[in-house]
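Novice: I would like the atomic coordinates for the input below:
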Amino acid sequence: MWKDKVSTYVDEIRDQLIDISDEIHRHPELALEEVTAARLLAAELKKAGFEVDLGVAGMDTAIVAVHPEQSKGPTIAILGEYDALPGIGHACGHNLIATAALGACLALGTIKKDLPGKLIFMGTPAEEDMGGKITMVEAGLFKDVDAAMMFHPSPGYTTVGRMGLALTEVKIEFHGKPSHAASSPEKGINALDAVIQTFNGINALRQHIKMTSRIHGVITHGGVKPNIVPEFAAAEFYVRAVEDDYCEELVKKLEDCAKGAASATGATLKYEVVTPSYQSRVMNKAMGEAFVKNLETLGEPIIPLPKGSGAGSSDIGNVSHVVPAIHPYISICDNTIAGHSQEFTKASASKKGHAAMLTAAKALAMTTIDLYTDSDLMKQVREEFQVREEVL
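Specialist: Residues are numbered from 1 along each chain as shown. Here you go, the predicted structure:
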């Protein structure tokens, strides 16, 4: 009965949700700059009677919105992301993520007086850079949460079982000595050579690291003019691994590559491990299975990941180490399209993208109802989380 009601309500506000999603899509905002999106979401939640706190955990665009109807029972947080990528906008579909979470909370709000527990919408900025959820975890905002969930759009697969890699960002700088590159190159120390040698060292290292791990980077500064030996050069890397401790090991290997390059060229190295790191994702199987059942009820087919698929990283990983969490994927385009591409940006405002967002809103709301009303399921979710955290 309640599931039918939330599903019907999402259909009733379909056009409103699509308009909000497309508005966020038309105004892409980078990490911690999501002013338009945050204000829009906060206004809709406030209009629906939620008690809205905008600007939590020291982040102007972070939101905690609590439904006023509260009673004894589980506290469930539904998470929304809304930051975009530089240059390509919403190429990760965060406009759909935010609006699905909003739709789920608005639908649940219409029946919350009949349900136990506490309902929270958490607007989590800066997923693509700096990890807003990590800041919110550290601020204690998940301390009393019993379960957290969100959805993510995908290129060609619909699943709850995809892993998420631990991620650590590393920045390196080399300081050399400028000189005329033609008349007196022997008097210079080439900082760019040191960066290039670091990349070469990493490339040689690849054959000796686990196949599921990744080290990838970009040169952020490579000199000024070809006739000046580069005095300064810099690069930025992402180090990823399935296991958090192995990610730390690879960060040390990257440092060794950079130190070797400094020694070989004579440049001075500055090595910075950017904190906080994104932890690996621990998905709650019991909650995930409930979500899948709800997808099936809605007629959404489960499409497994293609063999050999890689994985990304997200700050939901850090959340999943402090509360039971799920991060299911729903397809918005075919698997010839890559995430973080212009094509995926277009898909995030397509009819298929809209349909996935509406399905996700329904499934998130329905899974929340399961957690509120099925004490055995909630017990299973908690016990599984406790066992897995003890193992980890």
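Novice: The spatially most central residue of the chain - nearest residue in space that isn't next to it in sequence?
Specialist: With distances taken as CA atoms, centre = their mean, Ser314 lies nearest the centre of the chain, 3.4 Å away. Nearest residue to Ser314, sequence neighbours excluded (CB to CB, 6 or more residues apart in numbering): Gly164, at 5.5 Å. Where you see a C-beta, it was placed from the backbone N, CA and C, and this is true even at glycine.
Novice: How about Lys177?
Specialist: Using CB to CB, 6+ apart, the closest residue to Lys177 is Ile189 (4.0 Å).
Novice: ok, that neighbour touching Gly176?
Specialist: Yes. Ile189 is within contact range of Gly176, at 3.6 Å (criterion: CB atoms under 8 Å).
Novice: Which neighbours do those two have in common?
Specialist: Counting by CB atoms under 8 Å, 6 or more residues apart in numbering, the common neighbours of Ile189 and Gly176 are Val229, Thr265, Gly266, Ala267.
Novice: So which of those residues is surrounded by the most neighbours?
Specialist: Counting neighbours by other CB atoms under 10 Å, Ala267 leads these with 26 neighbours.
Novice: Phi first, then psi, for it.
Specialist: With angles defined as degrees, to the nearest 10, Ala267 sits at phi -80, psi 160.
Novice: if we can go back for a sec, which residues sit in contact with the residue nearest to Lys177?
Specialist: Gly176, Lys177, Val229, Thr265, Gly266, Ala267.
Novice: Can you find the helix or strand in the chain with the smallest mean pLDDT?
Specialist: Every helix and strand of the chain was ranked by mean pLDDT, DSSP states H and E. The lowest is helix 375-391, at a mean of 88.
Novice: Output that one as PDB, nothing but the C-alphas.
Specialist: Extracted C-alpha coordinates of helix 375-391, given in PDB (Å, rounded to 0.1, in the frame of the first residue of the first chain):
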ATOM      1  CA  SER A 375      12.400  -5.200  11.600                       C
ATOM      2  CA  ASP A 376      14.000  -8.500  10.400                       C
ATOM      3  CA  LEU A 377      15.500  -6.800   7.400                       C
ATOM      4  CA  MET A 378      16.800  -3.900   9.500                       C
ATOM      5  CA  LYS A 379      18.400  -6.400  11.900                       C
ATOM      6  CA  GLN A 380      20.000  -8.300   9.000                       C
ATOM      7  CA  VAL A 381      21.400  -5.000   7.600                       C
ATOM      8  CA  ARG A 382      22.900  -4.100  11.000                       C
ATOM      9  CA  GLU A 383      24.400  -7.500  11.700                       C
ATOM     10  CA  GLU A 384      25.900  -7.800   8.200                       C
ATOM     11  CA  PHE A 385      27.500  -4.300   8.600                       C
ATOM     12  CA  GLN A 386      28.900  -5.200  12.000                       C
ATOM     13  CA  VAL A 387      30.400  -8.500  10.800                       C
ATOM     14  CA  ARG A 388      32.000  -6.900   7.700                       C
ATOM     15  CA  GLU A 389      33.500  -4.000   9.700                       C
ATOM     16  CA  GLU A 390      35.000  -6.400  12.200                       C
ATOM     17  CA  VAL A 391      36.600  -8.300   9.300                       C
END
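Novice: Contacts made by it with the rest, please.
Specialist: Contact with helix 375-391 is made by 74, 146-147, 282, 284-287, 290, 321, 323-324, 370-371, as judged by CB under 8 Å, 6+ apart.
Novice: Tell me the buried residues in that helix?
Specialist: Leu377, Met378, Gln380, Val381, Arg382, Glu384, Phe385, Arg388 (16 or more other CB atoms under 10 Å).
Novice: picking up where we left off before, so which of the contacts of helix 375-391 belong to helices?
Specialist: Assignment to helices by DSSP state H places the following of the contacts of helix 375-391 there: Lys285, Ala286, Met287, Ala290, Asp370, Leu371.
Novice: Pull the contacting residues for the nearest residue to the fourth one once chain neighbours are set aside.
Specialist: In space, Ala290 comes closest to Asp370 once its chain neighbours are excluded; the distance is 4.8 Å by CB to CB, 6+ apart. Residues in contact with Asp370 (CB under 8 Å, 6+ apart) are Ala290, Asn294, Leu377.
Novice: Columns distance to Pro328 on top of those residues, output as TSV?
Specialist: Shown next, in TSV, are the contacts of Asp370 (distance: CB to CB, whole Å):
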residue	distance to Pro328
Ala290	11
Asn294	10
Leu377	16
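Novice: Now do the same for the residue nearest to Met150 when sequence neighbours are not counted: helix, strand or coil?
Specialist: Leaving aside its sequence neighbours, Met150 sits nearest to Leu79 (CB to CB, 6+ apart; 4.0 Å). With DSSP: H, G, I helix; E, B strand; the rest coil as the basis, Leu79 sits in strand.
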